[in-house]
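Trainee: dropping the sequence and predicted coords here.
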Amino acid sequence: MAGDPTETDPDKYKVVFENDRVRVLEYRDQPGERTSPHSHPDSVMYTLSSFERRLIGGEQHRDVQLPAGRVNWLQAQEHSGENIGTTDTHVLFIELKEPAPSPSDGAAGLGPATGT
């Protein structure tokens, strides 16, 4: 199994938030840069910049062009990548952990939680 992206490419992936339910990673690279093979759990990806990448998983590869402001669902996967475009890549990954437990008292908080 491929490694955690914050360990395989710590110069590109940074944890910006984490709790027992999610981990949010910020990813940045420049044209021509590549990542080592790594894995992601089920995730939501939000593109902060427009970019073009080649994703490589085993013997397969796929080229993608994504505009800024796009939100995508990503199933758990292992891959490496390369910035094959002319612009920097800037992305947030919201990685999902275990499902939410059922509330024991039936009450739900409103608004964002304070702290992590």
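Mentor: Structure received.
Trainee: got the contact list for the spatially most central residue of the chain?
Mentor: For the chain, the residue nearest the mean C-alpha position is F93 (2.7 Å; CA atoms, centre = their mean). Each residue near F93 by CB atoms under 8 Å, 6 or more residues apart in numbering is listed here: 24-25, 27, 40, 43-45, 74. All C-beta atoms are positioned from the backbone trio N, CA, C, and that covers glycine.
Trainee: show me what it bridges to in the sheet.
Mentor: For F93, the beta-bridge partners under DSSP bridges are L25, M45.
Trainee: quick one, which of the contacts of F93 are buried?
Mentor: Neighbour-count burial (16 or more other CB atoms under 10 Å) applied to those gives 24-25, 27, 40, 43, 45.
Trainee: burial check on V91, number of neighbours?
Mentor: Applying other CB atoms under 10 Å, we find 21 residues neighbouring V91.
Trainee: where in the protein is pLDDT low?
Mentor: Where the chain drops to pLDDT under 70, the residues are 1, 99-116.
Trainee: in contact with Y46, which residues?
Mentor: If you count contacts by CB under 8 Å, 6+ apart, Y46 has them with 69-71, 91-92, 94.
Trainee: for L92, same thing?
Mentor: 16, 24-27, 45-46, 48.
Trainee: check contacts around P37.
Mentor: Residues counted as contacts of P37 (CB under 8 Å, 6+ apart) are 2-3, 8, 78-80.
Trainee: likewise for P5?
Mentor: Neighbouring residues of P5 by CB under 8 Å, 6+ apart: 12-13, 25, 27, 35, 38-40.
Trainee: the residues you listed in strands, which ones?
Mentor: Under the assignment DSSP state E, the contacts of P5 contribute 13, 25, 27, 38-40 to strands.
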